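Trainee: Return atomic coordinates for the entry below.
(chains A and B)
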Amino acid sequence: MTVKLELKNVTKIYGKHKVINELSLTVEQGEFFVILGPSGTGKSTLLKMMVGIEQPTSGKIVIDSKDVTRLPPNKRNLAMVFQNYALYPNMNVFNNIAFPLRMHHRTNISQRVREVAEKLNISDILGKRVNQISGGQQQRVALARAMVRKPAMFLLDEPLSNLDARVRFSARAELKRIQQELEQTFVFVTHDQKEAEALGDRVAVLNKGEFQQIAPYKVLYEDPANPWVGDFVGDFPMNFVEGKGFRPEWASVGSGNYSMIVESMESIGDVSFIFGTDSNGEHIVLRSPEKYPIGTTVKYGINRFKDFRNQY
Amino acid sequence: MVSEYNNPGNSKYYFIIALIFSFVILIPFYVLVIIAFAVPSQTIAAYYPSIIPTKFTLTNLMHAFSGYSSVLEAAFIKSLITATIVGALAAFLGFHASYGLSKLPVRLSSLIISVLFFSTMIPSLTIAIPISVSFLKAGLYDTALGLALAQELVVLPMTIFMITGTLQTLPKQIELQARVDGAGFFQSLYSVIFPLALPGVLAAFLLSWMMSWDEFTFAIILSPVHPTLPILIYLDSTARGNILYASAFSLIVTVPVIIITMALSRFIKGNYMSSGLTG
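Mentor: Next up, the predicted model:
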């Protein structure tokens, strides 16, 4: 079974506000596809249209060569995990996981629930109420409920953002492992670069209702399609000098044709990131093993850059 | 979900306030019980009625029952049926109306609810008479169903207001999640939304039930031939001045309210609703 998700010129307009503008996209079977963007750019709206909670104003949504644009969510065979997990508070963990099976009139419910619970390490909390378990466990329960009926595809709306930093890290690794085990398609929406980098086979960068670039994270980082992507992707925004975009590690500090005045510094282990402004008022971030006092002028050379001169 | 009022210093004051309120409510009830069970010489005939009576008697109750047993039973049953219809109808109509209202923007739904309250601003007496004329034609006059329909007018806006409030506190994602998990519209409405709204629905049921139970104006105009309990008490005891029988009857009116409140109260403590959700 190959499940392919296609968006064809999908547009969503709320009142006069165009949230999604003529988006087209193909997600391949078994792909971990991440949609990355700042908040308020229509990521969740896009996901809601895929799952069928919202209808596109125009355009088509195709799953497995079948036009599902006008189908309600319960006819699409997709699973979704919301940011707040949306566990049913009146049911215990077991019944939460069993709910999709009951709605689809499946048999062997108990056996299937236990199987999935086993896989996610939540067998011991099946009898508990959902308010008696931790955030990490709630996230697993939500995932188990999504997995239990073997849907064609998983849609996840920032499912890790409510977790503590420590739990988030392990939950992220586990999510990737599960996706690889299931060999199923995951569409994952996030504003967190680290998640996009760690999880995504491909990452679509969304801004103002349009895809800026769709590529593996490494490509986004090293070869951004436009200055906006360069600025948005990465721990630090890309530096732009004379239309040349460069990452901190692409410059050598100490000597060179360029210079800036140091304004602040951040040391992480052996490396220091030096923040400064050049004579044109551009903010620059450089990386160096040495420390430079605030107020000094630093010379640097650009060893490698992405040419934006024609777009700038 | 931890309440900010939970610190021990505050709870002392809450306890005192609760105690005062309990007195205000319980003392009249206590007096009622005393008059119903004590011998007349210690209550109404005494110059200073004693707060702690020393002689108990069932004579008042027995007289009340033996004198009126068939009328009383009929009135009790009529009241029970009417109140239950009012409560059930309020819960059913209220839940569905509120679900619709909860889908509207809050500003619009609040406007609609305040318009609904207009009907309760008109004195019951002025609409009871035209209603009785229509009911006579429709064959609903003096029936429990007819009376219940009239009382529903008073009760429904409040019911809708309460249940809409409950529904608006539910996260939208719960319903969407149910749809994604394969529930159809009605399945998600009845197997997910309804159980979550249950505390509000039951509270609405209880309130409507109680409002109907001691409702007077509609009852006396729309159902005078076979009266409900409050009307019977008014006509046969209070109006004729027998306070002993009246208190015995009042006790009969009060006890079912206490029973139904206690039976439903544990479902109405709804703080389990908001749990299991973050964000």
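Trainee: From here on, just use CA atoms for contacts and neighbour counts.
Mentor: OK.
Trainee: sec struct for the residue of the stretch 51-200 of chain B at minimum distance from chain A, please.
Mentor: Closest residue of the stretch 51-200 of chain B to chain A, CA to the nearest CA: B:G182 (4.1 Å). Recorded secondary structure, B:G182: coil (DSSP: H, G, I helix; E, B strand; the rest coil).
Trainee: what residues are up against it?
Mentor: The neighbours of B:G182, taking CA atoms under 8 Å, 6 or more residues apart in numbering or on different chains as the test, are A:73-75, A:77, A:100, A:103-104.
Trainee: Kindly recompute the last result at 6 Å.
Mentor: Taking CA atoms under 6 Å, 6 or more residues apart in numbering or on different chains as the definition of contact, the neighbours of B:G182 are A:74, A:100, A:103.
Trainee: Show only the entries of these found in helices.
Mentor: In this view, those that belong to helices under DSSP state H are A:100, A:103.
Trainee: if we take the contacts of B:G182, which one ends up nearest to A:Q184?
Mentor: Sorting those by distance to A:Q184 puts A:P100 at the head of the list, at 18.2 Å, by CA to CA.
Trainee: number of nearby residues for that closest one?
Mentor: Burial measure for A:P100: 26 neighbouring residues, criterion other CA atoms under 10 Å in any protein chain shown.
Trainee: Phi first, then psi, for the closest residue to it other than its chain neighbours.
Mentor: Nearest residue to A:P100 in three dimensions, chain neighbours excluded: B:D181, at 4.7 Å (CA to CA, 6 or more residues apart in numbering or on different chains). Listed backbone geometry of B:D181 is phi -70, psi 0, with angles given as degrees, to the nearest 10.
Trainee: Could you report the separation of whichever residue of the stretch 151-300 of chain A sits closest to chain B from A:Y292?
Mentor: When distances are taken as CA to the nearest CA, the stretch 151-300 of chain A reaches nearest to chain B at A:N162, 7.2 Å away. A:N162 sits 38 Å away from A:Y292, taking CA to CA, to the nearest Å as the criterion.
Trainee: in the strand ranked longest in chain A, what counts as buried?
Mentor: The strand of greatest length in chain A, counted in residues with DSSP state E as the criterion, is given as strand A:251-268. Across strand A:251-268, burial judged by 16 or more other CA atoms under 10 Å in any protein chain shown covers A:251-253, A:259-263, A:265.
Trainee: Could you do stretch A:25-35 as well?
Mentor: The neighbour-count criterion (16+ other CA under 10 Å) identifies A:27-35 as the buried residues of stretch A:25-35.
Trainee: what does the stretch 1-150 of chain A put close to chain B?
Mentor: A:73-74, A:84, A:86, A:89, A:100, A:103, A:130-131 (CA under 6 Å from any CA of the partner chain).
Trainee: pLDDT added to the residues you listed, as a markdown table?
Mentor: Conversion of these to a markdown table gives the following (pLDDT from 0 to 100):
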| residue | pLDDT |
| --- | --- |
| A:P73 | 91 |
| A:N74 | 89 |
| A:N84 | 90 |
| A:A86 | 93 |
| A:P89 | 91 |
| A:P100 | 95 |
| A:M103 | 93 |
| A:V130 | 92 |
| A:N131 | 89 |
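Trainee: pLDDT wise, what is B:P227 at?
Mentor: Per-residue confidence for B:P227 comes out at a pLDDT of 90.
Trainee: Tell me how far it lies from chain A.
Mentor: 42 Å (CA to the nearest CA, to the nearest Å).
Trainee: For A:F169, see how far away the nearest residue to that residue once chain neighbours are set aside is.
Mentor: Here the nearest residue to B:P227 in space, its sequence neighbours aside, is B:A75; by CA to CA, 6+ apart that works out to 5.8 Å. For B:A75, the distance to A:F169 (CA to CA) stands at 68 Å.
Trainee: ok, these two, which is more surrounded?
Mentor: Using other CA under 10 Å, the more surrounded residue of B:A75 and A:F169 is B:A75, with 20 against 15.
Trainee: Understood, closing this out.
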